[in-house]
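Chemist: Just a sequence and a predicted model for now, questions to come.
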Protein chains: 2
Amino acid sequence: MSAASWSYPTDRVTLREVGLRDGLQLVKRVPSTAGKIDWLQREYAAGVRCFEVGSFLPASRMPQFADVRLIIEEVSKLEGARSSALTLNERGIDDALTTQVDEIVCVVSATEEHSQANMRRSRQAAVDLVGLAVEKAAASDHRPLVNAGIAMAFGCSIAGDVDQGEVLRLAEDCLKAGADIVGVADTVGFAGPRQVLDLCNGMAALCGDRPFIVHLHDTRGLGLSNASAALDAGCRVLDASLGGLGGCPFAPGATGNIVFEDLVFLCETKGFATGIDIPALVGIRDILERELPDEELYGALARSGPPPNVNWAA
Amino acid sequence: MSAASWSYPTDRVTLREVGLRDGLQLVKRVPSTAGKIDWLQREYAAGVRCFEVGSFLPASRMPQFADVRLIIEEVSKLEGARSSALTLNERGIDDALTTQVDEIVCVVSATEEHSQANMRRSRQAAVDLVGLAVEKAAASDHRPLVNAGIAMAFGCSIAGDVDQGEVLRLAEDCLKAGADIVGVADTVGFAGPRQVLDLCNGMAALCGDRPFIVHLHDTRGLGLSNASAALDAGCRVLDASLGGLGGCPFAPGATGNIVFEDLVFLCETKGFATGIDIPALVGIRDILERELPDEELYGALARSGPPPNVNWAA
């Protein structure tokens, strides 16, 4: 069994809370460290175990992640919880490896155009960085997983259509470079469920008994439909953020990541037991409302409550 | 080929705009007749052809439908457009048959509890009313279709779980009573996509080459995921309302019908050409904002716009 299969067992669904990273990417105000800790501790109590908690970048560029080391330390105190963080260059990898982070996340763009415009490097250079992260992680004391995420995998804000064969080749390159787990991201919310089903079928064939991650945004309203399609195709690891926190840099005013609590509900209706307490999760939104009063929150269950009297597990 | 197959061809998707009926069920203010006509004319121009436009009830009970006859007349002036309206008792059927309405809709509750509480009749009496509507429609001059919708088909606000076999038996009873088309409604938004796929597979087997309708609410955020599952199971007729207008009487503050414009987008991403112009549709929301300023509107495309540069038909 691979290291990733141990962290992300393929016989059940794992939901990764990325609100503390992706959800904070565009915030107008920086939440307090205490607020972040409250958020992750209460989500942990509600049953969440995987937290993407920030990015290793200079605090001058991303002040919302200045406390990433502290948050990683807090996650490490919670039995069975796992932290991940973005590392976008060698310096970030080195910095991450000085912490107890359980997983470092490298990003490879699906298109050369986006890779050059966003990261000022070629896709091959990004794959090489995955290889470097693998080497450095293997040489580290606590050997975190290396997660390689393919951004813009379902459509690119610059190049438009994305060839799914190219996405699969990049995912394969990342696996060959030693990544423990690969993911595909609908970074700008262009995907539809047929496309997600097709690409995830390809990912399932590529990854075999290794898990893979699908990261979706609800920019155009199809986020949960896409998550449902991903589950149908055998994906067992999905990203989401509480209250759908986070926007889209390419669609001002648009919604962000898929809504964590609604995703839990989707999984439960499909017969996947998540171990996550939905009403408790909904209750945690008050932290976001307090800490990030300028950000809009989304989600249907927070408005309606879960259905009464209905036994979804049946 | 059945009469219903002529109105709802099974080789493509038909989307029914139910905002003028279901969307107005709970409104705090009654929109003007001119506003309703503007709404349907502009949706027609955007490519929509099926409009559910009201309910035949005393105007004292439902003032929002007092102009139902006028609206039916307006639809009849639009080449290829079709109107439908609810008839909840014999008086309603008789009244509807004095108009040019193209389809009369009878409702049968999936559970005896809801049937008694909501309609003060048994489910059998509701099926009998379908038979009466069929007889009367056949004896009328313009012979509208008779549509029988099973309410609470995916879960009941009173009884909780709903036996899917019973829903299929009721649908079969309606067909035996002569209904041209049957539908299943997630009246209170309890459904998940697995359940929708299962029931729609049963409906497809029951209906054979006849079309069937799925009516979904987005109360708990799974509306479009459920629509995607219905399409996967072969459903080719779906209800929705512009801007998701309409709420849920059993979940105050919750969202209403699935959002028409987002549903069009879902269909297009799945390869179903709808002939509907999404940006034009989004533009029509301004009528709702003007006519119904107290009602909340929903929908992702209205916030984000459709994805640029991506060829979804490919």
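Modeler: Cool, the structure landed.
Chemist: Can you name the residues that contact the spatially most central residue of chain A?
Modeler: The residue lying closest to the centre of chain A (CA atoms, centre = their mean) is A:Asp239, at 4.0 Å. Residues near A:Asp239 by CB atoms under 8 Å, 6 or more residues apart in numbering or on different chains: A:15-16, A:18, A:22, A:52, A:183, A:185, A:213-216, A:257-258. Bear in mind the C-beta positions are built from the backbone N, C-alpha and C, glycine included.
Chemist: Grab the nearest non-local neighbour of it.
Modeler: Spatial nearest neighbour of A:Asp239, excluding adjacent residues (CB to CB, 6 or more residues apart in numbering or on different chains): A:His215 at 4.2 Å.
Chemist: Quickly list what that neighbour is bridged to.
Modeler: Going by DSSP bridges, A:His215 is paired in beta bridges with A:Ala185, A:Asp239.
Chemist: Now for it, how many residues are close by?
Modeler: 24 (other CB atoms under 10 Å in any protein chain shown).
Chemist: before we move on, the earlier item: which pair in the contacts of A:Asp239 spans the largest distance?
Modeler: Taking CB to CB as the measure, these span a maximum distance of 15.4 Å, between A:Leu15 and A:Ala185.
Chemist: Closest one to chain B out of the contacts of A:Asp239, please.
Modeler: Closest approach to chain B among the contacts of A:Asp239 (CB to the nearest CB): A:Ile258, at 9.5 Å.
Chemist: Test my guess that that closest one contacts A:Ala240.
Modeler: Yes. A:Ile258 is in contact with A:Ala240 according to CB atoms under 8 Å; the separation is 4.7 Å.
Chemist: Find residues that contact each of these two.
Modeler: With CB under 8 Å, 6+ apart as the test, A:Ile258 and A:Ala240 both reach A:216, A:227.
Chemist: Quick check: A:Ala96 vs A:Gly189, distance?
Modeler: Separation of A:Ala96 from A:Gly189 (CB to CB, to the nearest Å) stands at 28 Å.
Chemist: now stretch A:4-11, how far from the chain's geometric center?
Modeler: 16 Å (CA atoms, centre = their mean, to the nearest Å).
Chemist: Give me the mean pLDDT for that stretch.
Modeler: Taken as a whole, stretch A:4-11 carries a mean pLDDT of 85.
Chemist: If you count neighbours, what's buried in it?
Modeler: Buried residues in stretch A:4-11, defined by neighbour count with 16 or more other CB atoms under 10 Å in any protein chain shown: A:4, A:7-8, A:10.
Chemist: Next, give me the two most distant ones among the residues you listed.
Modeler: A:Ser7 and A:Thr10 (10.9 Å).
Chemist: what's the helix or strand bottoming out on mean pLDDT in chain A in contact with?
Modeler: Least confident helix or strand of chain A, by mean pLDDT, DSSP states H and E, is helix A:3-7 with a mean of 80. With contact meaning CB under 8 Å, 6+ apart, helix A:3-7 is reached by A:82, A:102-103, A:145, A:180-181, A:209-211.
Chemist: ok, of these, which one's closest to B:Met203?
Modeler: The closest of the contacts of helix A:3-7, once distances to B:Met203 are taken by CB to CB, is A:Pro211, at 34.9 Å.
Chemist: How about the closest one, nearest residue that isn't a chain neighbour?
Modeler: A:Tyr8 (4.1 Å).
Chemist: Please report how far the one you found lies from B:Gly192.
Modeler: Counting by CB to CB, the gap from A:Tyr8 to B:Gly192 is 23 Å.
Chemist: which residues does the nearest residue to A:Ala229 once chain neighbours are set aside contact?
Modeler: In space, and not counting its chain neighbours, A:Ala229 is closest to A:Pro193: 3.8 Å by CB to CB, 6+ apart. Taking CB under 8 Å, 6+ apart as the criterion, A:Pro193 is in contact with A:222, A:225-226, A:228-229, B:228, B:266, B:269-270.
Chemist: one more time with 7 Å
Modeler: A:222, A:225-226, A:228-229, B:228, B:269-270 (CB atoms under 7 Å, 6 or more residues apart in numbering or on different chains).
Chemist: Compile the contacts of A:Asp239 into a markdown table and extend it with columns for pLDDT.
Modeler: What follows is these, written out as a markdown table (pLDDT from 0 to 100):
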| residue | pLDDT |
| --- | --- |
| A:Leu15 | 98 |
| A:Arg16 | 98 |
| A:Val18 | 97 |
| A:Asp22 | 94 |
| A:Glu52 | 98 |
| A:Gly183 | 98 |
| A:Ala185 | 97 |
| A:Ile213 | 98 |
| A:Val214 | 98 |
| A:His215 | 98 |
| A:Leu216 | 97 |
| A:Asn257 | 95 |
| A:Ile258 | 97 |
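Chemist: After the lengthiest helix in chain A, which helix or strand is next?
Modeler: Taking DSSP state H as the assignment, the helix of chain A that covers the most residues is helix A:123-139. Toward the C-terminal end, the helix or strand that comes next after helix A:123-139 (DSSP states H and E) is strand A:145-151.
Chemist: That next one packs against which elements?
Modeler: helix A:3-7, strand A:103-109, helix A:123-139, helix A:164-176, strand A:181-185 (3 or more CB pairs under 7 Å, 6 or more residues apart in numbering or on different chains; DSSP states H and E).
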